[in-house]
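> sequence first, then the predicted structure, then my questions.
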Amino acid sequence: QVQVVESGGGLVQPGGSLRLSCAASGRIFRVEHMGWYRQAPGKEREVVASITTSGLATYADSVKGRFTVSRDNEKNALSLQMDSLKPEDTAVYYCNAHVFETASMSRFYWGQGTQVTVSS
């Protein structure tokens, strides 16, 4: 079994910052691609940022220059530094990890989500 757990959400004023964290644990051979997604009320889940094991990061246009994704491969951990937050960033944020439980068997795991609310 593999667990993916996020933390760090909360309420912040516009222009403020938050840092989200995520960690995968359990029966893990290796973790490949990891990413952050978000889902706002009434909208579909969308990718926010993702990062490869070598550290190559990609971002949604809406967060470029404001969010920074990073990972610790030894700890199977992922972080998202969110600066200059806007009300439209309000959503439930999910961590996603492509986990290999053996050398050839893998699946994508989702965390339970953490709420981020940007409001004055």
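Structure's in. What do you need?
> okay, which residue is most central for the chain?
By Cα atoms, centre = their mean, the chain has its centre lying nearest to W36, at 2.7 Å.
> neighbouring strands - and their directions - for the strand or helix carrying it?
According to DSSP states H and E, W36 maps onto strand 30-39. Strand pairing for strand 30-39, determined by DSSP bridges: strand 46-51 (antiparallel), strand 91-100 (antiparallel).
> mind listing what's buried in the first one?
Within strand 46-51, the residues that qualify as buried are V48, A49, S50, I51, counting by 16 or more other Cβ atoms under 10 Å. All C-beta atoms are positioned from the backbone trio N, CA, C, and that covers glycine.
> now for these: which two are most distant?
Within the buried residues of strand 46-51, V48 and I51 form the most distant pair, 11.2 Å apart (Cβ to Cβ).
> quick one: end-to-end length of stretch 58-66, please.
One end of stretch 58-66 to the other measures 13 Å (Cα to Cα, to the nearest Å).
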